[in-house]
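S.K.: Sequence isn't available, so here's the structure alone:
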């Protein structure tokens with residue numbers, strides 16, 4: 001257990017917003033929680049869970065206790081001829097775990113390459129990209145109660161996974177600290193690439209015309225290349241990746257949009273809803289590459305808002321609100337934030 005007072009979070013969030021929190025605590029074992037709760041000063045403050053800081057925007061100094069998980073061990077729980085179950089500490093960087101799985105030849109996480117953050121954030125946010133989501137492979141999530149330290153395990157169906165959400169982001173937000181996550185992955189001979197997302201399929205075909213004998217590492221490398229071309233490096237321009245969710249609309253409204261705006265890019269879901277790329281909506285309203293004070297819309301990808309250097313959190317918020325207003329006015333669609341605003 002490590003406790004830091006008056007702690008700067010600039011290097012703990014990918015937006016690189018320079019704010020401080022009253023206390024920053026690194027949990028290294030289950031018994032840390034009741035010990036911390038016995039401290040009157042710490043117990044009197046709100047506790048907030050922070051992973052890799054890749055999906056959060058801070059707007060001011062915090063009178064809070066920021067809690068992060070340091071568990072980072074990888075354990076093989078069991079395996080059979082076709083599958084392997086791996087339990088992973090929530091504090092391990094997500095990219096490090098994905099690299100581990102593809103090098104082993106396991107199928108399941110290769111489409112989720114280069115997503116920033118920690119393993120613990122995967123079930124909380126139900127991270128997803130290129131036709132895959134964390135819930136596709138997660139079997140169990142172990143948590144620690146931030147008030148008592150009590151351990152509780154959730155099966156996949158109990159996690160209430162949805163589009164970029166889960167029970168840990170809703171009912172149990174800042175109450176349950178994800179401790180370990182178990183994934184079921186397919187072994188090399190038993191799996192196959194997930195190419196339901198057309199841009200990924202096209203990129204794979206470009207690099208591997210025959211589409212034969214593809215490996216998880218082939219898909220991983222292709223996804224990495226796509227993301228590097230589209231998303232600015234947060235070490236240069238602070239950002240949290242996709243700032244908005246891709247909105248879902250009804251078939252009827254989709255047809256009405258097409259009548260007004262011509263061809264509209266989309267992905268039809270199994271529920272017969274239409275997912276519209278938020279980046280396309282933002283580009284069509286003229287926001288790509290524009291800036292407001294020290295915040296801007298990336299020239300690489302309209303879905304990414306960036307810190308040009310010394311942006312304050314409120315400047316990024318004002319930019320996001322201006323984009324939402326224009327998209328709503330032009331298309332009648334409200335863009336929902338994917339990034340959490342911390343006030």
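M.R.: Arrived safely, thanks for sending. What you see is a predicted model; the values in this text were computed from it and never measured.

S.K.: so what pLDDT did the spatially most central residue of the chain get?
M.R.: Closest to where the C-alpha atoms of the chain average out (Cα atoms, centre = their mean) is residue 127, at 4.5 Å. As predicted, residue 127 sits at a pLDDT of 95.

S.K.: do the same with the one 4 residues further on
M.R.: Looking at residue 131, its pLDDT reads 91.

S.K.: same deal with residue 297?
M.R.: With respect to pLDDT, residue 297 scores 98.

S.K.: Next up, the contacts around it.
M.R.: Counting by Cβ atoms under 8 Å, 6 or more residues apart in numbering, residue 297 makes contact with 282, 287, 288, 289, 290, 291, 304, 305, 306, 319, 323. For every residue, glycine as well, the C-beta is placed using N, CA and C.

S.K.: Now name the helix or strand holding the residue lying closest to the last one once chain neighbours are set aside.
M.R.: Spatially, and ignoring its direct neighbours in sequence, residue 323 is nearest to residue 287 (5.2 Å; Cβ to Cβ, 6 or more residues apart in numbering). When elements are assigned from DSSP states H and E, residue 287 belongs to no helix and no strand.

S.K.: burial count for residue 287?
M.R.: Residue 287: 21 surrounding residues under other Cβ atoms under 10 Å.

S.K.: Show the contacting residues for residue 343.
M.R.: Contacts of residue 343 (Cβ under 8 Å, 6+ apart): 59, 60.

S.K.: Next one: it from residue 239, what distance?
M.R.: 20 Å (Cβ to Cβ, to the nearest Å).

S.K.: Same question for residue 67.
M.R.: With the distance defined as Cβ to Cβ, residue 67 ends up 24 Å from residue 239.

S.K.: Give me the more crowded residue out of the two.
M.R.: residue 239 (29 against 22).

S.K.: sorry, back to before: wait, isn't the residue nearest to residue 323 in contact with residue 325?
M.R.: No: between residue 287 and residue 325 there is no contact under Cβ atoms under 8 Å: 10.7 Å.

S.K.: where exactly do the helices run in this structure?
M.R.: In the chain, the helices defined using DSSP state H lie at 32-37, 40-43, 94-103, 121-125, 198-207, 216-230, 251-261, 278-284, 313-331.

S.K.: Mind putting these into TSV with mean neighbour count and distance to residue 158?
M.R.: Converted to TSV, the helices of the chain look like this (neighbours: other Cβ atoms under 10 Å; distance: least, Cβ to Cβ, whole Å):
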stretch	mean neighbour count	distance to residue 158
helix 32-37	17	22
helix 40-43	12	29
helix 94-103	19	22
helix 121-125	27	11
helix 198-207	14	30
helix 216-230	18	28
helix 251-261	13	32
helix 278-284	21	30
helix 313-331	18	33
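
S.K.: Among those helices, which comes closest to residue 61?
M.R.: helix 313-331 (10.5 Å; Cβ to Cβ).

S.K.: And the contacts of the closest one?
M.R.: Contacts for helix 313-331 (Cβ under 8 Å, 6+ apart): 15, 17, 19, 57-60, 243-244, 257, 261, 278, 281-282, 284-287, 291-297, 305, 307, 333-335, 337, 341-342.

S.K.: Which residue comes closest to the residue nearest to the centre of the chain once chain neighbours are left out?
M.R.: The shortest distance from residue 127 to any non-neighbouring residue, by Cβ to Cβ, 6+ apart, is to residue 134 (5.0 Å).

S.K.: Does that neighbour touch residue 122 like I think?
M.R.: Yes: using Cβ under 8 Å, residue 134 is in contact with residue 122, at 4.2 Å.

S.K.: Look at residue 141 and say how many residues are nearby.
M.R.: When neighbours are counted by other Cβ under 10 Å, residue 141 registers 27.

S.K.: now it, which residues is it bridged with?
M.R.: Beta-bridge pairing of residue 141 under DSSP bridges involves residue 154, residue 181.

S.K.: quick one: contacts for it?
M.R.: 123, 153, 154, 159, 168, 178, 180, 181, 182.

S.K.: Using JSON lines, please lay out those residues together with distance to residue 314.
M.R.: Formatted as JSON lines, the contacts of residue 141 follow (distance: Cβ to Cβ, whole Å):
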{"residue": "123", "distance to residue 314": "30"}
{"residue": "153", "distance to residue 314": "39"}
{"residue": "154", "distance to residue 314": "36"}
{"residue": "159", "distance to residue 314": "33"}
{"residue": "168", "distance to residue 314": "27"}
{"residue": "178", "distance to residue 314": "29"}
{"residue": "180", "distance to residue 314": "36"}
{"residue": "181", "distance to residue 314": "34"}
{"residue": "182", "distance to residue 314": "39"}
